[in-house]
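Peer 1: The following comprises the amino acid sequence and a computationally predicted model.
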Amino acid sequence: MEKEILEFYKKTSSFTDLGYYKDFAKKLPDDIEQLCLLQRMQIIHPVAFRDKQIRNKKD
C-alpha cells in the first residue's frame, strides 16, 4: 500500500510538469526522512546549517 501511495504522488500532470527538473526528481530518495532533510537544508539559514543538531533534527 505504501508503495502505491508513493507512486501516486510521484506522478505529474500538465499543471505540475517538472520540465528540465525531471532527471533531478528521479534521483531524489524515496525515504520521507531523507526528503525532509533535503527540504530543511533548503530553507535553513546557512549559519544555522553549520549546527549538526539542526541539520539532523527529526521533528
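Peer 2: Thanks, I have it. Numbers count the residues shown, from 1 in each chain.
Peer 1: And for residue 40, the neighbour number?
Peer 2: Residue crowding around residue 40 was assessed by other Cβ atoms under 10 Å; the count is 16. Bear in mind the C-beta positions are built from the backbone N, C-alpha and C, glycine included.
Peer 1: ok, and the closest non-adjacent residue to residue 29?
Peer 2: Excluding its sequence neighbours, the residue lying closest to residue 29 (Cβ to Cβ, 6 or more residues apart in numbering) is residue 35, at 6.1 Å.
Peer 1: thought the one you found was touching residue 41?
Peer 2: No - because the distance of 10.8 Å does not satisfy Cβ atoms under 8 Å, residue 35 is recorded as not touching residue 41.
Peer 1: and the residue minimising distance to the centre of the chain, backbone torsions?
Peer 2: With distances taken as Cα atoms, centre = their mean, the residue of the chain nearest its centroid is residue 35 (3.3 Å). Backbone dihedrals for residue 35, given as degrees, to the nearest 10, come out at phi -60, psi -40.
Peer 1: show me where pLDDT drops low in the chain?
Peer 2: In the prediction, the chain carries residues with pLDDT under 70 at positions 1, 44-49, 54-55, 57-59.
Peer 1: All the helices of it, in order from the start?
Peer 2: Using DSSP state H, the helices found in the chain span residues 2-10, 22-26, 32-43, 46-49, 52-55.
Peer 1: can I get those in TSV with distance to residue 16?
Peer 2: Rendered in TSV, the data for these read as follows (distance: least, Cβ to Cβ, whole Å):
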stretch	distance to residue 16
helix 2-10	10
helix 22-26	10
helix 32-43	16
helix 46-49	28
helix 52-55	29
